[in-house]
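**Student:** Sequence unavailable; structure follows:
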């Protein structure tokens, strides 16, 4: 039945594609992707909220505080099982995969990502894993956008645009924040987009927000309505807050990556590794229950007028009225979040860093302002700093200050905090950028040239593959041959360069036609001159797995029009600068958003 309805809908869209202009069809597509992304949000958020409520009820009614520690263990083990048995043993995590696919895979996302992220993240985060659902949400939306475009044979730039629509709709629906959704898609994903591409992205974000607002209970989302007014006398403290969150963001990024890498590379079976990591996480959650799940409920509690509720049903419940104990609890929770998230993902769970960044930011804002207040140095509005702290960490961690500013402005229901948000987000971004050139998601990809950055030339070059440009049919010669043999080869080819190889296909040197032009056609000289006597060593060689940016740098350093290409140290072929530039021009034409 479902399959029949799907076929009817597809046929209707095919008819629509024929009748509508290209721009109109993109607008229609953005609406559909916005709706699909919103329902992914609704399912994940509702499930995570239900589990949190269930765990809270069990803990409060039956006094089984260990339930919070058991659920994440179950969730991570189930996630590993699903990945192993249902998803073929592999699952790409994090929004970095979208960046990689846009840059290196022509914006073609595998079909399984339309459901894999929903299943695995609901098990991991929904059952208490210390990560976020936003990353799986945007990957799901992006996957629907990419596969929708593939179904209707849309171009690369149109596929990329619909991926952006899925990302924007996911973020917008998750927070009821359409502006933040649009900015996140532009700042983090489509770093090289024209103004005309904004319209479908805005349509998708607005659609996602509308569906989420109608269907999803507002209490499930991260929203705030209680806040104090902005006092310009506190501007110096907001500047300090920006510095503080900038350094905390750098700390989180480094510790998270190190922890995730450590657990991901443990020499154990996948189930044993998952059990070890999940048990460590469970112990951390037992001591600090605020590390359970996304942490949005604890953020709301912290921004509320009774933050002491955080200590209820914990080992520190007897000190709920002690401000210093609460401050220490918040501080330890803040510092441990990086390790908790790293363990969750490294041991086999699935999730993202968007929610952890907001958790960390709210705790950092509370810790900073409450500490100064307790020392008697000043009297800061703690709830305001709790809110703007989220913008500071989000900006520093993802290098997306505009997204951070407008997201917090939207979820607080107004723009009264716009000035402190701008101060904290920009200062934090500057600090983080000083110590970390790339954002958390981009860092590893940028090192390998596998992601778009703010450099347009680099972005286009990274979409080119050496394998597609290398000429493998060039004739080669041996060191023992003479120039007479080379002359015979020249008579049957138009090559101007020859690779000199041995019997094992190791590159020994190069012979340029221009270097032997004067003697090649002198039969007496050509017969007596061996290749090994006139060959030259290459100034630079390219590896088949080099990025195209690296190859272009080698062209510049060598000042040559040809580069020999090696594969696993063996001669593979030649790549020419003219071919690279021609491919660059063609790709530039295809990537322009109209």
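**Tutor:** It's in. Since we're looking at a predicted model, the values are computed, not measured.
**Student:** Okay, helices next: where are they in the stretch 201-350 of the chain?
**Tutor:** Remark: helices assigned in the stretch 201-350 of the chain by DSSP state H, counting those that start in this stretch are 235-264, 270-287, 296-303, 323-346.
**Student:** how much does the shortest one deviate in direction from helix 323-346?
**Tutor:** Pointing back at helix 296-303 there. On the basis of axes from the mean of the first three to the mean of the last three C-alpha atoms, to 10 degrees, helix 296-303 is oriented at 160 degrees to helix 323-346.
**Student:** can you give me the strands in the chain?
**Tutor:** Using DSSP state E, the strands assigned to the chain run over residues 476-477, 497-501, 507-512, 542-543, 562-567, 570-576.
**Student:** Indicate which one of those strands is closest to residue 366.
**Tutor:** Go through the strands of the chain one by one with C-beta to C-beta and the one that ends up closest to residue 366 is strand 542-543, at 50.0 Å. For glycine as for every other residue, the C-beta is placed from the backbone atoms N, C-alpha and C.
**Student:** That closest one - what's its average pLDDT?
**Tutor:** Rounded to a whole number, the mean pLDDT of strand 542-543 is 89.
**Student:** Show me what it is packed against.
**Tutor:** Other helices and strands packing on strand 542-543, by 3 or more C-beta pairs under 8 Å, 6 or more residues apart in numbering; DSSP states H and E, are helix 548-558, strand 562-567.
**Student:** try 7 Å this time
**Tutor:** In terms of contacts (3 or more C-beta pairs under 7 Å, 6 or more residues apart in numbering; DSSP states H and E), strand 542-543 is packed against strand 562-567.
**Student:** Run through who's touching the strand it packs on.
**Tutor:** With contacts defined as C-beta atoms under 7 Å, 6 or more residues apart in numbering, strand 562-567 is touched by 466, 470, 497, 499, 507, 510, 538, 540-544, 551, 554-555, 571-576.
**Student:** Repeat the analysis, applying 8 Å as the threshold.
**Tutor:** Strand 562-567 is contacted from outside by 466, 470, 497, 499, 507, 510, 538, 540-544, 551, 554-555, 571-577, using C-beta atoms under 8 Å, 6 or more residues apart in numbering.
**Student:** Tell me the strands beside that strand, with direction?
**Tutor:** Using DSSP bridges, the neighbouring strands of strand 562-567 in the sheet come out as strand 542-543 (parallel), strand 570-576 (antiparallel).
**Student:** Tell me, how many residues neighbour residue 554?
**Tutor:** Neighbour count of residue 554, defined by other C-beta atoms under 10 Å: 19.
**Student:** so who does it touch?
**Tutor:** Contacts for residue 554 were tallied using C-beta under 8 Å, 6+ apart; they are 540, 541, 542, 546, 563.
**Student:** Against residue 556, how distant is the second one?
**Tutor:** In other words, residue 541. The gap separating residue 541 from residue 556 is 15 Å, by C-beta to C-beta, to the nearest Å.
**Student:** Not counting residues beside it along the chain, what's closest to residue 321?
**Tutor:** Spatially, and ignoring its direct neighbours in sequence, residue 321 is nearest to residue 308 (6.1 Å; C-beta to C-beta, 6 or more residues apart in numbering).
**Student:** Tell me how many other residues surround the one you found.
**Tutor:** Neighbouring residues of residue 308 were enumerated by other C-beta under 10 Å; the total is 18.
**Student:** Give me the neighbour count for residue 581.
**Tutor:** By other C-beta under 10 Å, neighbour count at residue 581 equals 12.
**Student:** can you check the one 5 residues further on too?
**Tutor:** Number of residues near residue 586 (other C-beta under 10 Å) recorded here: 12.
**Student:** Just the buried ones out of the contacts of strand 562-567, please.
**Tutor:** 466, 470, 497, 499, 507, 510, 538, 541-544, 551, 554-555, 571-577 (16 or more other C-beta atoms under 10 Å).
**Student:** sorry, back to before: got TSV for the helices of the stretch 201-350 of the chain, with mean pLDDT and mean neighbour count too?
**Tutor:** As requested, those are arranged in TSV below (pLDDT from 0 to 100; neighbours: other C-beta atoms under 10 Å):
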stretch	mean pLDDT	mean neighbour count
helix 235-264	93	20
helix 270-287	91	19
helix 296-303	82	22
helix 323-346	92	22
